[in-house]
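Undergrad: Take this sequence and fold it.
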Amino acid sequence: MNDTVLVLSGLDPCGGAGLSADIETINQFGLTPLPIATVLTVQNTQSVAEIQAIDNALIAKQFQHLQMDIELQVVKIGLLSSAMQIQVIVELLKNQVLTVVLDPIIKSSTDDVLLQTQAIATLKNDLLPLVHILTPNSAELSALAVGENEQQKVTSLPCEWVLVTTTDVSDSEIEHRLYQCGNLIKSYTYAKLLGNYHGSGCTLSSAIASLVAQDLSMEDICQQALDYTYQTLLNAKSIGKMQKHPNRKPL
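TA: From the prediction side, this is the model:
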């Protein structure tokens, strides 16, 4: 068992999503997060006002300096800023034996656009082939894949595992579907909760990354990660005027 998860994601100053969510979640699973910020944001529970990318050379230096000292096995990727930044990360990851978990963030939960068209294309063409498990919602899947239905879209992706979350299109019951190489392996169903939440996707993908490091089956990994994320939402905290924060308390 490897007890670290390298995280590449954005900094959310209100603490609901991004690196704050990643660090809290990974800690709750007893692992050590190794966080590298990809972007700084100006945001609160109501909106994202501004995004500022971190210097790509600095990201590369941090990654390489960590790897000189620590054996990296699992990498969780969240918010990225541009096609150029994605390409830098691709160069860092390729030709390495790493398990990569990607939460493909395109819009915020307040519907602010976070990733532009060119960056989406680079993510799709260059980063996805390096990803072991992808955790898109329905809208993100449509942006990254081609096909008339969900299974065709998943089949068009190069990732071995895809966990499609349907929170963004579900009204009363949420069904998450796990695919392996385009084949539906398992569905997980939860009642949709009332209210707006900020950071559930980050929590889920970081929980998956933490459990991947513990060598469980992918079906069990997703079950435990989804159960944990659902509990954080059942116990969510309201600290601002709009979206609630998942309560990432001890397991």
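
Undergrad: In the protein, where is pLDDT below threshold?
TA: 1-2, 109-110, 168, 251 (pLDDT under 70).

Undergrad: how about the helices in it?
TA: Residue ranges of the helices in the chain, as given by DSSP state H, are 18-28, 56-69, 83-93, 117-122, 138-144, 150-155, 200-212, 218-234.

Undergrad: Show me which residues of the second one are buried.
TA: Neighbour-count burial for helix 56-69, with 16 or more other C-beta atoms under 10 Å as criterion, is recorded at 56, 59, 62, 63. Placement of C-beta: from N, CA and C, glycine included.

Undergrad: ok, back up a step: ok, which of the helices of the chain comes nearest residue 132?
TA: Residue 132 sits nearest to helix 200-212 of all the helices of the chain, at 7.6 Å, using C-beta to C-beta.

Undergrad: helices or strands up against that closest one?
TA: Judged by 3 or more C-beta pairs under 8 Å, 6 or more residues apart in numbering; DSSP states H and E, helix 200-212 is in contact with strand 4-11, helix 18-28, strand 74-77, strand 99-102, helix 218-234.

Undergrad: Counting neighbours, which bits of stretch 142-152 end up buried?
TA: For stretch 142-152, burial by neighbour count (16+ other C-beta under 10 Å) applies to 143, 144, 145, 150.

Undergrad: ok, now stretch 80-88?
TA: Neighbour counts over stretch 80-88 (16+ other C-beta under 10 Å) mark 80, 81, 82, 83, 85, 86, 87, 88 as buried.

Undergrad: these two touch, right, residue 62 and residue 36?
TA: Yes. Using C-beta atoms under 8 Å, residue 62 makes contact with residue 36 at a distance of 4.9 Å.

Undergrad: what's residue 247 in contact with, if anything?
TA: 232, 235, 236, 237 (C-beta atoms under 8 Å, 6 or more residues apart in numbering).
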